[in-house]
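Asker: please work out how this folds:
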Amino acid sequence: MSAYEAIKRVIDVVVAVCGLILATPILLLTAIAVKLDSPGPVFYRQPRLGKDGRPFIMLKVRSMTQDATQLQAALAQVNEAIGPVFKIRSDPRITRVGKFIRKASIDELPQLWHVLMGDMSLVGPRPPIPEEVARYEPWQRERLAVKPGLTCTWQVSGRSDIPFERWVQMDIDYVRHRSLWLDLKILLQTIPAVLTGRGAY
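Answerer: Reported below is the predicted structural model:
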């Protein structure tokens, strides 16, 4: 483990512990709102791929209807993303509470647990779905060379408004030039990105 990786891990653990403590009241209130808004569990569990393609189950606060996965095939023809990803600006599967927690990135807060456990980091490419990775071109797999993160370059640059190939290139640029300074810069840029909610859908 390099000095950079060791320091990054210490920062990840400290921030994840503090973040989980501070986020607990928000998550409790959100859990109540999710349960009152629509039937189904509070948390959504989904297989994702981490560093070097290692699978793990990622937690998010559920922002869609309980049958969202089954409905995706029927919505394939209205997919607005180019490449092996699925994005719709006005996705009919998103619940009323889901629209707010997505805009505010509250649905991502449980991933602080994955940072604490070491499956994720605070900064790094977002963890992809296995089905998406199966459709990657060889050069795009370089984004799997590091731990996935809660935030990354493309998330602070417009999130879902960024075309797939451009966001993969941003991730690869991060992988090749990552440093503590770059991580700090992205973390600081994440604050206004979350507050404005640009590209969050």
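Asker: confidence score at residue 128?
Answerer: pLDDT, residue 128: 93.
Asker: now residue 36
Answerer: For residue 36, pLDDT reads 94.
Asker: secondary structure element for it, which one?
Answerer: Residue 36 is part of helix 3-37 when elements are defined by DSSP states H and E.
Asker: and that helix, what does it pack onto?
Answerer: When contacts are defined as 3 or more Cβ pairs under 8 Å, 6 or more residues apart in numbering; DSSP states H and E, helix 3-37 sits against strand 55-61, helix 96-103, helix 111-117, strand 121-123, helix 180-196. Quick note: C-beta positions are derived from backbone N, CA and C, even for glycine.
Asker: quick one: closest of those to residue 16.
Answerer: Evaluated with Cβ to Cβ, these place helix 111-117 nearest to residue 16, the distance being 4.0 Å.
Asker: start to end distance for stretch 55-68?
Answerer: Stretch 55-68 has its terminal residues 22 Å apart, counting by Cα to Cα, to the nearest Å.
Asker: could you tell me how far it lies from the centre of the chain?
Answerer: In terms of Cα atoms, centre = their mean, to the nearest Å, the centre of stretch 55-68 is set 11 Å apart from its chain centre.
Asker: go on, stretch 96-108?
Answerer: 12 Å.
Asker: likewise for stretch 106-120?
Answerer: Distance, centroid of stretch 106-120 to centroid of chain: 9 Å (Cα atoms, centre = their mean).
Asker: buried set for it?
Answerer: The neighbour-count check on stretch 106-120 (16 or more other Cβ atoms under 10 Å) flags 106-116, 119-120 as buried.
Asker: list the contacts for residue 121?
Answerer: Residues counted as contacts of residue 121 (Cβ atoms under 8 Å, 6 or more residues apart in numbering) are 8, 9, 12, 115, 146, 147, 148, 149, 150.
Asker: so what's it closest to, chain neighbours aside?
Answerer: residue 147 (4.3 Å; Cβ to Cβ, 6 or more residues apart in numbering).
Asker: the one you found against residue 51, yeah?
Answerer: Yes: the pair residue 147 / residue 51 is scored as a contact, 4.7 Å apart, by Cβ atoms under 8 Å.
Asker: which of these two has more neighbours?
Answerer: The residue with more neighbours, out of residue 147 and residue 51, is residue 147; 24 against 18, by other Cβ atoms under 10 Å.
Asker: the more buried one: what's it in contact with?
Answerer: For residue 147, counting by Cβ under 8 Å, 6+ apart, the contacting residues are 50, 51, 118, 119, 120, 121, 124.
Asker: then residue 30?
Answerer: Residue 30 sits in contact with 42, 61, 97, 101, 106, where contact means Cβ under 8 Å, 6+ apart.
Asker: who does the second one form a beta bridge with?
Answerer: In this entry, residue 61 is beta-bridged to residue 43, by DSSP bridges.
Asker: quick one: it from residue 129, how far?
Answerer: 18 Å (Cβ to Cβ, to the nearest Å).
Asker: between the helices and strands packed on helix 3-37, which one is nearest to residue 4?
Answerer: Across the helices and strands packed on helix 3-37, closest to residue 4 is helix 180-196 (Cβ to Cβ), at 6.3 Å.
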